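Visitor: Here you go, sequence then predicted model.
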Amino acid sequence: MNQLTKEFLKEITVNSKQSDRELSKKLNATQPTISRLRKKLEKEGVIEGYTIIPNLAKLDIEFVIFITLKWKDYTNVKELEEFNKFLKYDKRVLFSAPGEGFEDKTKIIMTFHKNYKSYELFLREMRAKWAEMLESMDSFLVSSDNIITNFDFNIINRIDE
């Protein structure tokens with residue numbers, strides 16, 4: 001990755017609202033160069049979207065929940081695909097990915113809930129549909145008004161430090 005691309009990514013990570021004109025001035029490049037670079041990075045999937053970092057508490061989202069689980073039988077591919085489809089399209093799920101973790105957990109799910117009842121209903125739905133396929137499941141609840149470090153991709157700017 002060349003230096004201009006790195007600097008461009010750092011700048012839009014800090015503020016994705018910046019226009020190509022503003023970025024070209026900051027990066028000492030022409031506006032057409034910056035526009036082409038942006039389009040190239042979007043096409044290659046380096047940039048998948050532009051987002052804001054909302055204050056969850058002010059949006060009446062009371063809880064951020066992290067759920068870790070272990071799938072019982074990985075040979076049951078059809079059920080696993082259905083489960084992944086459920087996670088992909090459920091409006092309460094912000095993030096979900098397979099991985100390796102605590103007590104041999106193999107998936108992490110992150111959900112947002114307006115209140116404890118919403119979280120409880122989500123868990124009931126998960127258990128009703130998938131309990132037979134899950135070996136274990138644990139949750140970690142975070143109150144949105146106690147977040148110390150919010151979700152922020154400015155970490156990209158600190159990677160090389």
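Guide: Perfect, thanks for sending it.
Visitor: what sits opposite the residue nearest the centre of the chain in the beta ladder?
Guide: Most central in the chain under CA atoms, centre = their mean is Phe95, positioned 4.6 Å from the mean C-alpha point. Per DSSP bridges, residues listed as beta-bridge partners of Phe95: Met110.
Visitor: Would you mind confirming that it is in contact with Ile109?
Guide: Yes: contact status for Phe95 versus Ile109: in contact at 7.2 Å, counting by CB atoms under 8 Å. (Each C-beta comes from the backbone N, C-alpha and C, glycine too.)
Visitor: for the least confident helix or strand in the chain by mean pLDDT, which positions count as buried?
Guide: Ranked by mean pLDDT, DSSP states H and E, the weakest helix or strand in the chain is helix 3-14, scoring a mean of 89. Neighbour counts over helix 3-14 (16 or more other CB atoms under 10 Å) mark 8-12 as buried.
Visitor: I figured Lys114 hits Leu56, correct?
Guide: No: Lys114 is not in contact with Leu56 according to CB under 8 Å; the separation is 10.0 Å.
Visitor: neighbour-wise, which of those two wins?
Guide: Leu56 (19 against 14; other CB atoms under 10 Å).
Visitor: Helices of the chain, start to end?
Guide: 3-14, 20-27, 31-44, 77-89, 116-130 (DSSP state H).
Visitor: looking at those, which is closest to Phe66?
Guide: For the helices of the chain, the distance to Phe66 is smallest for helix 116-130, at 11.5 Å, taking CB to CB.
Visitor: Which elements pack onto the closest one?
Guide: For helix 116-130, the helices and strands in contact under the criterion 3 or more CB pairs under 8 Å, 6 or more residues apart in numbering; DSSP states H and E are strand 63-71, helix 77-89, strand 107-113, strand 134-143.
Visitor: what angle sits between that helix and strand 63-71?
Guide: Using axes from the mean of the first three to the mean of the last three CA atoms, to 10 degrees, the inter-axis angle of helix 116-130 relative to strand 63-71 is 20 degrees.
Visitor: How far off centre is helix 116-130?
Guide: 21 Å (CA atoms, centre = their mean, to the nearest Å).
Visitor: Excluding chain neighbours, what is closest to the residue located most distally from the centre of the chain?
Guide: Computed with CA atoms, centre = their mean, the residue of the chain farthest from its C-alpha average is Thr30, at 32.4 Å. Among residues not flanking Thr30 along the chain, Ser24 sits closest, at 5.9 Å (CB to CB, 6 or more residues apart in numbering).
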